[in-house]
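Enquirer: Need coordinates for the following:
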Amino acid sequence: MKDKSLYVYIVDDEQKVRDSLSKFLRLYGFKVKAYADAESYLYELDQDEIGCLISDIDMKDMDGLQLQRRLNEIKCIRPTIFITGHANVDIAVRAMKLGAVDFIEKPFDPDELAAKVGAAIDLFAERITILGCYRLLTKKEIEVFKHVAKGGKNRDIAEKLFISIPTVEAHRSRVMKKMQAGSLSELVKMSVLLTNNPI
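Expert: Numbers count the residues shown, from 1 in each chain. As a prediction, the model looks like this:
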């Protein structure tokens, strides 16, 4: 990652964990905001800030999985890394299904965690860029985009959308340009990301 002057958000109800995580993440060049509970994090959430959430699983009131469900409800795409001192396969699977990018058991290696945070922030930055491009599309361009990403041919798309083939081609060209996609495969990958992170 080129720029680590980005935020890492720590949500953990243990003061010692928050302090130790904050200390060594700052040593790696990250800015840190720490919260004692999920509610405080949600209250101050600014989705325009690029960063990564590190959340404990086991917390009172709202636990990590409940926090992730809430973030999914408000369509927050900031990546989440879960940490826990009581890992099991079931919890890990549930966390990943909710959209967590990683799951780490305490104690963990600081270098490994910092690397995972950097990778997660890169992922978030990519998502923000793609979502920004997507918002530039018109309603008709979005329809064409969805059909193209599913492998639709121009003639089939024209019939389904009740427009001419040249019009489909024109929309298709604008979609590729606005999404900054260099190939159809890139556009398909973007479509998958948008499907997993609807707006």
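
Enquirer: Now do the residue nearest the centre of the chain against Gly182, distance only.
Expert: Centroid-nearest residue in the chain: Ile77, 3.6 Å away (criterion: Cα atoms, centre = their mean). Counting by Cβ to Cβ, to the nearest Å, the gap from Ile77 to Gly182 is 23 Å. Backbone N, C-alpha and C define where each C-beta goes, glycine included.

Enquirer: and stretch 151-169, which residues are buried?
Expert: In terms of neighbour count (16 or more other Cβ atoms under 10 Å), stretch 151-169 has its buried residues at Gly152, Asn154, Ile157, Ala158, Leu161, Ile163, Thr167, Val168.

Enquirer: again with stretch 23-43
Expert: Neighbour-count burial for stretch 23-43 flags Leu25, Tyr28, Phe30, Val32, Lys33, Ala34, Tyr35, Asp37, Ala38, Tyr41, Leu42 (criterion: 16+ other Cβ under 10 Å).

Enquirer: Out of those, name the ones that lie in strands.
Expert: Judged by DSSP state E, strands contain the following of the buried residues of stretch 23-43: Val32, Lys33, Ala34, Tyr35.

Enquirer: Now do the helices in this protein.
Expert: Ranges of helices in the chain, per DSSP state H, are 15-27, 38-44, 64-73, 89-97, 110-134, 139-149, 154-161, 165-178, 184-196.

Enquirer: could you check the angle helix 89-97 makes with the third one?
Expert: For helix 64-73 against helix 89-97, the angle by axes from the mean of the first three to the mean of the last three Cα atoms, to 10 degrees is 20 degrees.

Enquirer: Summarise which helices and strands helix 64-73 is packed against.
Expert: Helix 64-73 sits against helix 38-44, strand 51-56, strand 80-84, helix 89-97, with contacts defined as 3 or more Cβ pairs under 8 Å, 6 or more residues apart in numbering; DSSP states H and E.

Enquirer: tell me the most buried of these?
Expert: Most buried of the helices and strands packed on helix 64-73, by mean neighbour count (mean count of other Cβ atoms under 10 Å): strand 51-56, with a mean of 25.

Enquirer: For it, name the packing helices and strands.
Expert: Using 3+ Cβ pairs under 8 Å, 6+ apart, strand 51-56 sits against strand 7-11, helix 38-44, helix 64-73, strand 80-84, helix 110-134.
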